[in-house]
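Trainee: just the structure for this:
(one chain, ligands or ions: 1)
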Amino acid sequence: MNDTIRPNTPGELNRRSFLKTTSTVVGGTLLGSLPIERGAHAAADDTVKVALIGCGGRGSGAADQALSTKGSVRLVAMADAFKDRLQGSLRNLQKQHKERVDVVDDRQFVGLDAYKQAIALADVVILATPPGFRPIHFEEAIRQGKHVFMEKPVAVDGPGVRRVLAAAEEAKKKNLKVGVGLQRHHQAGYIETVKRLHDGAIGDITSMRVYWNGDGVWVRPRKAGQTEMEYQVDNWYYFTWLSGDHICEQHIHNLDVANWVKNGYPVRCHGMGGRQVRTGKEYGEIYDHHAVEYEYADGSRVFSQCRHIRGCWSSVSEYAVGTKGTCDVGAYTIRGQNPWRFGSGGKNPYQQEHDDFFDAIRNNKPFNEAENGAKSSLTAIIGRMATYSGKVIEWDKALNSQVDLMPKIFAWDAPAPVQPNADGYYPVPVPGSPDWVKKII
Ligand SMILES: NC(=O)c1ccc[n+]([C@@H]2O[C@H](COP(=O)([O-])OP(=O)(O)OC[C@H]3O[C@@H](n4cnc5c(N)ncnc54)[C@H](O)[C@@H]3O)[C@@H](O)[C@H]2O)c1
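Mentor: Numbers count the residues shown, from 1 in each chain. Prediction:
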């Protein structure tokens, strides 16, 4: 489809030519009609209008980075489940980017449905809510013909991954650009190191080790008057339907590097895990450690660990072992027959990924990270399925799984998908239990 579109050089692009490049007739159907025209401030310039959905820590950071890209860009709409989060984020962004933040009261949307209205006002949408919502929000943004930057992971279950893959195909047809917050792909040292591995610097890669072992993250205490749904969406990290467990939420970065180095995705995995220390009711239902062995199509293995337990060995890293040497991927260091170390250089990858994404939008370059984002998310999901169930998990079976973790109704007074017992504790997956296996795979 890109063949039908003449790329712009940076100097050429204006709002009118952007209209032409994003409204392409394919097979007689008008695809990707101009997002800019639907925005709050249609104007004869090349201003890119941004909406932020999910105004927490990362969403606010991503908005800052989007507003720090070259060219005219405005934040025009914001949406969050909770008003105080939106307003806190807005205040900070106004301080950072006085001239580039234009989110008046009637473009601030609050609640579980708020995303739809904010998406409608923008050319580019940043999706940074808890990941359980991502497939729904991504599907809607692509349906509305918007470019999307979405944070990882992009789904927490098989049905969610399938929705993202389908919407990614739609995005390609509509010539919409999609970035995914796996920022190592935009980090100069990683890019150069992985290129050398692909060029054979350590020979055939026979195994990898990947880790996200650390202390863990925040807990948001239950507040008076909250419904169960409000509490879970607020304290989202500890509910699998919202975060996917920490193997999805954080360790995805290292698993994604393994996939990148291996140039493929695992075919199956098995593993073990549990919750040894983080057992209080405030920690919901997720585990505090997982260890997974992934098998790739060439028979090689990736050994993965992630742990959220204070006072233990910490490491966020990736290592590759090959027939001619070894590589500490995150330290950009190769040892063996072809020793090498990356010097220095490169921008903050969080900024670089937005620079690259906006450059692709403005200059109509190919940019679609959704498929890899979905498949790296599935890599983490199959790991969680393996540790929760104690079974071998096949990639294809997980991809086609009918286990849908999301609620049937999205409303504050609707039932949350998991419920606490009378003492406030949530059910925790028990490996090997036939009842649990049915709920997991
Ligand atoms: N790429 C990275 O290095 C990186 C770093 C941190 C976080 N993240 C990712 O960013 C995402 C957000 O993480 P965070 O740390 O900013 O969390 P956060 O809790 O600070 O922010 C999430 C925000 O989403 C809002 N929200 C929840 N449900 C919503 C809904 N249905 N509609 C609209 N808003 C909703 C919350 O109220 C909150 O303000 C996660 O997917 C996380 O994995 C990525």
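
Trainee: which residues of this structure lie near the ligand?
Mentor: Residues of the chain lying near the ligand by CB under 6 Å from any ligand atom: 53-59, 79-82, 85, 112, 114-115, 128-131, 133, 151-152, 181, 183, 233, 249. (C-beta placed from N, C-alpha, C; glycine too.)

Trainee: so T326, which state does it fall into?
Mentor: Per DSSP: H, G, I helix; E, B strand; the rest coil, the secondary structure class of T326 is strand.

Trainee: kindly apply the preceding question to Q65 instead.
Mentor: Recorded secondary structure, Q65: helix (three-state DSSP).

Trainee: now do the same contact list for it.
Mentor: Residues in contact with Q65 (CB atoms under 8 Å, 6 or more residues apart in numbering) are 350-351, 353-354.

Trainee: burial count for A386?
Mentor: By other CB atoms under 10 Å, 28 other residues sit near A386.

Trainee: what about it, which SS state?
Mentor: Assigned by three-state DSSP, the conformation of A386 is helix.

Trainee: ditto for N213
Mentor: Under three-state DSSP, N213 falls in the strand class.

Trainee: residues contacting it?
Mentor: N213 neighbours (CB under 8 Å, 6+ apart): 305-307, 312-316.

Trainee: what do you get for G432?
Mentor: 389-390.

Trainee: R184 now?
Mentor: Counting by CB under 8 Å, 6+ apart, R184 has contacts 190, 253, 256-257, 260, 349.

Trainee: and the gap between Y388 and the ligand?
Mentor: Taking CB to the nearest ligand atom, to the nearest Å as the measure, Y388 falls 19 Å from the ligand.

Trainee: list the contacts of that residue.
Mentor: The contact partners of Y388, taken as CB under 8 Å, 6+ apart, are 273, 287, 429, 431, 436, 440.

Trainee: separation between the most far-flung residue of the chain relative to its centre and the ligand?
Mentor: In terms of distance from the mean C-alpha position of the chain, Q337 ranks first, at 36.2 Å (CA atoms, centre = their mean). Relative to the ligand, Q337 is positioned 34 Å away (CB to the nearest ligand atom).

Trainee: surely L75 touches D64?
Mentor: No: applying CB atoms under 8 Å, one finds L75 not in contact with D64, separated by 9.5 Å.

Trainee: intersection of neighbour lists for these two?
Mentor: Joint contacts of L75 and D64 (CB under 8 Å, 6+ apart) are 93, 97.

Trainee: looking at those two, which is more packed in?
Mentor: Applying other CB under 10 Å to L75 and D64 shows that L75 carries more neighbours, namely 26 against 19.

Trainee: near Y426, how many other residues are there?
Mentor: Neighbours of Y426 (other CB under 10 Å): 18.

Trainee: wait, it sits on E285?
Mentor: Yes: the pair formed by Y426 and E285 meets the contact definition of CB under 8 Å, at 4.2 Å.

Trainee: identify the contacts common to those two.
Mentor: Counting by CB under 8 Å, 6+ apart, the shared contacts of Y426 and E285 are 239, 418.

Trainee: tell me the contacts of Q250?
Mentor: 212, 214, 306.

Trainee: distance of the spatially most central residue of the chain from A62?
Mentor: Closest to where the C-alpha atoms of the chain average out (CA atoms, centre = their mean) is K152, at 1.2 Å. Distance from K152 to A62, counting by CB to CB, to the nearest Å: 12 Å.

Trainee: go on, S300?
Mentor: Separation of S300 from A62 (CB to CB): 34 Å.

Trainee: more neighbours, those two?
Mentor: Set S300 next to A62 and count neighbours by other CB under 10 Å: A62 wins out with 24 against 19.

Trainee: dihedrals phi and psi, that one?
Mentor: phi -60, psi -40 (degrees, to the nearest 10).

Trainee: which ones are touching it?
Mentor: Counted by CB under 8 Å, 6+ apart, A62 has contacts 52, 126, 128, 149, 151, 181, 350, 354.

Trainee: now it: how far from V148?
Mentor: Noted for A62: a distance of 11 Å to V148, by CB to CB.

Trainee: what touches both of those two?
Mentor: Common neighbours of A62 and V148 (CB under 8 Å, 6+ apart) are I126.

Trainee: for whatever residue of the chain ends up closest to the ligand, give me its contacts.
Mentor: Nearest residue of the chain to the ligand (CB to the nearest ligand atom) works out as G56 at 1.8 Å. By CB under 8 Å, 6+ apart, the contact set of G56 is 80, 85, 89, 128-129.

Trainee: recalculate using a threshold of 7 Å.
Mentor: 85, 128 (CB atoms under 7 Å, 6 or more residues apart in numbering).

Trainee: with adjacent residues omitted, what lies nearest to S60?
Mentor: Nearest residue to S60 in three dimensions, chain neighbours excluded: S89, at 4.4 Å (CB to CB, 6 or more residues apart in numbering).

Trainee: equivalent analysis for Y190, please.
Mentor: Using CB to CB, 6+ apart, the closest residue to Y190 is R184 (4.5 Å).

Trainee: what does F367 give?
Mentor: Excluding the flanking residues, the one nearest F367 by CB to CB, 6+ apart is A360, at 3.5 Å.

Trainee: any idea which helix or strand carries V156?
Mentor: For V156, there is no enclosing helix or strand under DSSP states H and E.

Trainee: look up phi and psi at the nearest residue to it once chain neighbours are set aside.
Mentor: Counting by CB to CB, 6+ apart, V156 lies nearest to G244, which is 3.6 Å off, once chain neighbours are set aside. The phi/psi pair for G244 (degrees, to the nearest 10) reads phi 80, psi 0.

Trainee: near G244, how many other residues are there?
Mentor: 29.

Trainee: OK, contacts around it?
Mentor: Taking CB under 7 Å, 6+ apart as the test, what G244 contacts is 131, 153, 156, 380-381, 384.

Trainee: still on that earlier bit, surely the residue nearest to S60 is in contact with G61?
Mentor: No: in this structure S89 lies outside contact range of G61 using CB atoms under 7 Å: 9.8 Å.

Trainee: so who does the nearest residue to V437 once chain neighbours are set aside touch?
Mentor: In space, and not counting its chain neighbours, V437 is closest to S389: 4.8 Å by CB to CB, 6+ apart. Neighbour list for S389: 431, 436-437, 440-441 [criterion: CB under 7 Å, 6+ apart].

Trainee: return the distance of S389 relative to S68.
Mentor: Following CB to CB, the distance that separates S389 from S68 is 44 Å.

Trainee: with W236 instead?
Mentor: If you measure W236 against S68 using CB to CB, the figure is 27 Å.

Trainee: tell me which of the two has more neighbours.
Mentor: Ranked by neighbour count (other CB under 10 Å), W236 and S68 place W236 first, with 21 against 17.

Trainee: I'd guessed that one sits against D245; true?
Mentor: No: assessed by CB under 7 Å, W236 is found out of contact with D245, at 11.6 Å.

Trainee: I appreciate the help and will end here.
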